[in-house]
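1. give me a model of this one.
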Amino acid sequence: MDDNNIIQKLKDGDRDTYKMLYTSFYIMVKKHVLDNSGTVPQAEDIFQKTLLILYRNVQKDDFELTSKLGTYVMAIAKYQWHNILKNKKNMPTDAIGRQEVSSAEFDNDLINKMETERKHILIKETVGTLKEECKKVLSLF
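-> Sure thing, here's the model as predicted:
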């Protein structure tokens, strides 16, 4: 099932799709939280918040997924976890730095990263359709 079908099922409130999201993405979220001084219960809370935010976002009429669903889910989870760490003043310096990051800045950064990823995918797909001679010429640049 592709990401757009998943988004449509989420919009329709399909419970099985939420179960699929749990089995597909919980491990990644848990690993991120645990790797950044968190606990399993905190990872569970972050994942629940992430699914809630995802649900709210896909219900918006103007919602458009411009990256892979997994990338989007992880971005939400990372942002939620970093906010918790920041509020506890326990954030590792290498995780995001000591500077304040506003929601708008994060949203813009996320949008830019998703757009860049989308462009890379499009380029790979386009290059994949080229003849070998053309690929060789492009690889010289």
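2. out of the helices and strands in the chain, which is least certain?
-> Ranked by mean pLDDT, DSSP states H and E, the weakest helix or strand in the chain is helix 93-96, scoring a mean of 49.
3. Three-state assignment for Leu130, please.
-> Secondary structure for Leu130, judged by DSSP: H, G, I helix; E, B strand; the rest coil, is coil.
4. tell me the spacing between it and Asn87.
-> 50 Å (Cβ to Cβ, to the nearest Å). Every C-beta, even on glycine, is put in place using the N, C-alpha and C of the backbone.
5. neighbour-wise, which of those two wins?
-> Using other Cβ atoms under 10 Å as the criterion, Leu130 and Asn87 rank with Leu130 on top: 12 against 9.
6. I figured the more buried one was touching Ser139, is that so?
-> No - using Cβ atoms under 8 Å, Leu130 makes no contact with Ser139, being 10.7 Å away.
7. could I have the host helix or strand of Leu10 exported to PDB, CA atoms only?
-> Leu10 belongs to helix 3-11 when assigned by DSSP states H and E. Written as PDB, here are the backbone C-alpha positions of helix 3-11 (Å, rounded to 0.1, in the frame of the first residue of the first chain):
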ATOM      1  CA  ASP A   3       1.600   6.400   1.300                       C
ATOM      2  CA  ASN A   4      -1.200   8.200  -0.400                       C
ATOM      3  CA  ASN A   5      -3.500   5.200   0.100                       C
ATOM      4  CA  ILE A   6      -2.500   5.100   3.700                       C
ATOM      5  CA  ILE A   7      -3.200   8.900   4.100                       C
ATOM      6  CA  GLN A   8      -6.700   8.300   2.600                       C
ATOM      7  CA  LYS A   9      -7.400   5.500   5.000                       C
ATOM      8  CA  LEU A  10      -6.300   7.600   7.900                       C
ATOM      9  CA  LYS A  11      -8.700  10.300   6.700                       C
END
